[in-house]
Every structure is written in structure tokens, then in C-alpha cells.
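A.B. asks: Return a 3D structure for these sequence lines:
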Amino acid sequence: MKRAVVINAISIVLVLFLSSKVPAEEPSQHKNNPFTKYQTEHYEIITDVSFGMAKKVGNDMEAILQEYSRILPFPEEQLPSSLFRVRIFLRKEDFQKYCREALGWTYDPKSFVYYHCRNLEEREAVCFLLPEIPFFRRLHHEAFHQYFRHFIYYPPQWLNEGLAELFEASPMTEQGRLQIKPSPGWVRRLKEDVLISKKHPYIDLKSLLTMSKKEWLKNSGSTRAESWAFCYYLLKSEKAQLARYLDNCIEVLNPDASREENTNNVFQGVFAKINLPRLEKDWVEFIRKIHPAEGYGFFEKGQGLLGKRKYQEALTEFNKAIEMNDSYDRYYYFRALTYYSLKRYDQAIKNLKKALNIFPEYTAALFLLAKVYQKKKDYVRAKESLLKLIEYESVYKDEAEKLLDEINQKLRQKN
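C.D. replies: Here you go, the predicted structure:
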């Protein structure tokens, strides 16, 4: 089925699907129940944040749904028979409690989740409130799993996660269109840690496309980045025929097959028929040419100047980078590091907060923020930053615990 035909078919069905459901205009709440519900044509949003938040998320989900179906369209007879549900908690602790008690999680998830099961009525994306940029990006990731797995119960791991990462990294325009962008983190991981330093092993393309979920997770330091990169390559390469491979994947996927069967279906039905070594070589060269973000040349120059302790010149370059791209967390972090070196602590804090607003689990930024607050003798805020950092697996964890002991000692002396 041609992409344009499929998209038109889906557009018609999406309009008709659940057309009798009118979006709620007022909060749907019960007495003593803090949760409000908001329904759009294809989504039910449940939250204890606010009705305004529910409405904002519902509208955003309708827009991203159109982008999911544009990039990965499915035949109309496979459309879901129920609303997609998104549950949003104000507090992370309540989110984790819900995951344990209602969804059966045996641990406290640190990020958003998609709960998948055979019962359509029980499936839902579950999340908690974050700053706007990371909130919607992570929600787009989990909501893609929700969309994709409504059609294919067990998709190939590389395709399921690679496309989810692609949607997470790509912002939406004001007109509700997806701007497919490189993922700065995965580009950096591939170029620096996989292809150059070998910190993480390079997984050859055939292995990536055929490995089980267990193998994929075992090597997730490489496989998540490579899965994103291959999906990005298929969609953004100048070679027009590559985009058709995603259509071909849809054609060979079986809604009721096991993950192993669908992985084999895609490989044998799509990629085994082509010159894979040549494709892999072209893919790797494509990756090498990607800049993680606009303004990266200025950023690299700034890093070099920072290393030479030419702080004012470094600031000039970081400023140029941020003028070109004001949504890349590393630019703010390194500008903050420069301000820290100049003992301009208030400016350092301002930039670190911007970095953390984009990426709340940025452990290097949390650690530097704690050190800045320590310099300002604001030990309470320094402790708060360190406690957040220690929640995450990080190379800074040991240093953070040592610094936390020092901060606690200062607080005891103060009291």
C-alpha cells in the first residue's frame, strides 16, 4: 500500500473513529477525588495536576498521534477500538506508588512508563509532572509505544525503541508538525563512546536488527543509540528508497506474532533482500557527519577555550551556540561551568537551572549546582541537589555522597 494512500485512509478513519465522543469542556471530578478527566477524540487524560493540564496534554496527544500515523501508518482495519489513556501525577512519589500498587511494578520506575497488556481497557501511559520540555518529550516516547503496540503486540525491539527515541528527540512546531531532529545525547554516544573511544561496543547492523529483547537490553549502552540512529537514517537520508523500508516493515509485521517472529519477519522480509554491508557502511558514514545540535561548532570551540582557561572567550562562543539553539542542555552546562570558574555564581546557577529544566536527570549539572551552592554557603539547597543526584546511577554518586557528608557537617554546625 502506498504511503499517501495509507495516510489518507487513516485520516478518514481517524475523523470517523469515536466521532460521537465530544471533548469535555468542564472537569469531570467526583467529591473527594483529586483527579480530573478530559476526553479528546482519541485520548482520555486522567490527572491530579489540573484540568488545564489535562486539556493541554489532550490537545498535544491529538497532534502527535497524527505524526505517529504519518511516519508509521497502519491499515484502517487495525485501528484501536478504545481511547488511548494517559495518566499524569503531580508528584513522582504518587506515580511510583501507583506503578507498584495498581500496575504491579516490583521497583520504583524513575521515568515515565507505558503499561501494556492484552486487555485494551487497562493499557495506559503513566507519567508525572516535569518541566514542559522534558515532560512532553518523554510522553511522546511512551505514547508512541502505546500507539505502535495497539497494532503490533510484540514489535521488533530495535524498531519499537528506535522510533520512540526519535519522537522523544524531535520537537513539535506551533502548527503541530514534527521536526525530526538528531538526538544530541545519542549522537554524542555513538560518535564519541562507540565509534571513537570504544567505551561501548559497536553492534553490527545485522546483530542489531535480529537480536532478542534480552540481548538488546543487555547491550543498551549501544543498542538504544544505534536503534535511534538507524531509524533516523531511514527517515532523513537523502536516499529516497530508504524511507520505504519503514512501509515495508509494516507490511510484514504480524499483530499476533511473538517478538522473535516479528523480528525475523522484518529482517527476512525487508533487510535480508538488500546488500546489508553496503547499507551499514553508508549508515555509519551518515552518523559520522551528524552534528548533535545547531551551533555545535561554536560549542566545541568554547570547550577548547575553556580548557585553556580563556574564560571570557569561551563565554563568547557558548553564547553564540545558545543563540543558535536554546534547547540543548550541554550548552547551558558548559556556560555555567565557565561562570563557576569566574566565580560568577549567580550566573552559574541560572544556567544550571536552564540545563536541568531541559534534562532534569542531568547529574553533572546537579553536582555542579551543589558545588555552587556550597560556595555561596547555601547548604540547604546544596543538599537538595545532592539528594536528587544520588537517586540516579551516576559516575558522580561517590563524589556526591562524600560532598553530602561535608554539607551535613556544615548544617549541624550551623544549627
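
A.B. asks: Using the record's domain definitions, break this structure down for me.
C.D. replies: Domain ranges of the chain: 1-151, 154-292, 293-355, 360-415, per automatic domain parsing.

A.B. asks: Comparing those by mean pLDDT, which bottoms out?
C.D. replies: For the domains of the chain, mean pLDDT drops lowest on domain 1-151, to a mean of 82.

A.B. asks: And stretch 151-164, what's buried?
C.D. replies: For stretch 151-164, the neighbour count (16 or more other CB atoms under 10 Å) marks 151-164 as buried. Placement of C-beta: from N, CA and C, glycine included.

A.B. asks: Between those residues, which sits nearest Asp256?
C.D. replies: Nearest to Asp256 out of the buried residues of stretch 151-164 is Tyr153 (CB to CB; 6.6 Å).

A.B. asks: who's in contact with that closest one?
C.D. replies: 118, 255-256 (CB atoms under 8 Å, 6 or more residues apart in numbering).

A.B. asks: how about those residues in TSV, adding neighbour count?
C.D. replies: Output for these, formatted as TSV (neighbours: other CB atoms under 10 Å):
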residue	neighbour count
Arg118	7
Pro255	14
Asp256	9
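
A.B. asks: ok, back up a step: could you work out the most separated pair of the buried residues of stretch 151-164?
C.D. replies: Farthest apart among those - using CB to CB - are Tyr153 and Gly162, which lie 18.1 Å from each other.

A.B. asks: ok so, going back, tell me which entries of the buried residues of stretch 151-164 lie within strands.
C.D. replies: Among the buried residues of stretch 151-164, no member falls in strands (DSSP state E).

A.B. asks: ok, Leu356 - how many residues close by?
C.D. replies: 21 (other CB atoms under 10 Å).

A.B. asks: Which positions in whatever helix or strand it lives in come out as buried?
C.D. replies: For Leu356, the element it lies in under DSSP states H and E is helix 345-358. With burial defined by 16+ other CB under 10 Å, the residues of helix 345-358 counted as buried are 345, 347-349, 351-352, 354-358.

A.B. asks: Let me have the residues you listed in CSV, extended by distance to Tyr38.
C.D. replies: Output for the buried residues of helix 345-358, formatted as CSV (distance: CB to CB, whole Å):
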residue, distance to Tyr38
Tyr345, 43
Gln347, 40
Ala348, 40
Ile349, 36
Asn351, 36
Leu352, 34
Lys354, 30
Ala355, 32
Leu356, 29
Asn357, 25
Ile358, 27
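
A.B. asks: Nearest to Pro73 among those?
C.D. replies: Ile358 (31.0 Å).

A.B. asks: separation between Lys92 and Pro34?
C.D. replies: Per CB to CB, to the nearest Å, Lys92 is found 16 Å from Pro34.

A.B. asks: out of those two, which sits in the more crowded spot?
C.D. replies: Using other CB under 10 Å as the criterion, Lys92 and Pro34 rank with Lys92 on top: 17 against 11.

A.B. asks: Return the residues in contact with that one.
C.D. replies: Lys92 neighbours (CB under 8 Å, 6+ apart): Phe128.

A.B. asks: before we move on, what about Tyr147?
C.D. replies: So Tyr147 contacts 65, 68-69, 72, 84 (CB under 8 Å, 6+ apart).

A.B. asks: Out of the buried residues of helix 345-358, which comes closest to Leu246?
C.D. replies: Ile358 (28.7 Å).

A.B. asks: what's the closest residue to that closest one other than its chain neighbours in contact with, if anything?
C.D. replies: Nearest residue to Ile358, sequence neighbours excluded (CB to CB, 6 or more residues apart in numbering): Asp329, at 4.3 Å. Residues near Asp329 by CB under 8 Å, 6+ apart: 354-356, 358-359, 362, 365.

A.B. asks: Could you take the residues you listed and lay them out as JSON lines, with extra columns for distance to Lys206?
C.D. replies: Listed next are the contacts of Asp329 as JSON lines, based on distance: CB to CB, whole Å:
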{"residue": "Lys354", "distance to Lys206": "42"}
{"residue": "Ala355", "distance to Lys206": "38"}
{"residue": "Leu356", "distance to Lys206": "39"}
{"residue": "Ile358", "distance to Lys206": "35"}
{"residue": "Phe359", "distance to Lys206": "33"}
{"residue": "Tyr362", "distance to Lys206": "35"}
{"residue": "Ala365", "distance to Lys206": "38"}
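
A.B. asks: so where do the strands sit in this protein?
C.D. replies: 36-39, 43-47, 84-89, 113-115, 124-128.

A.B. asks: Great, nothing more from me.
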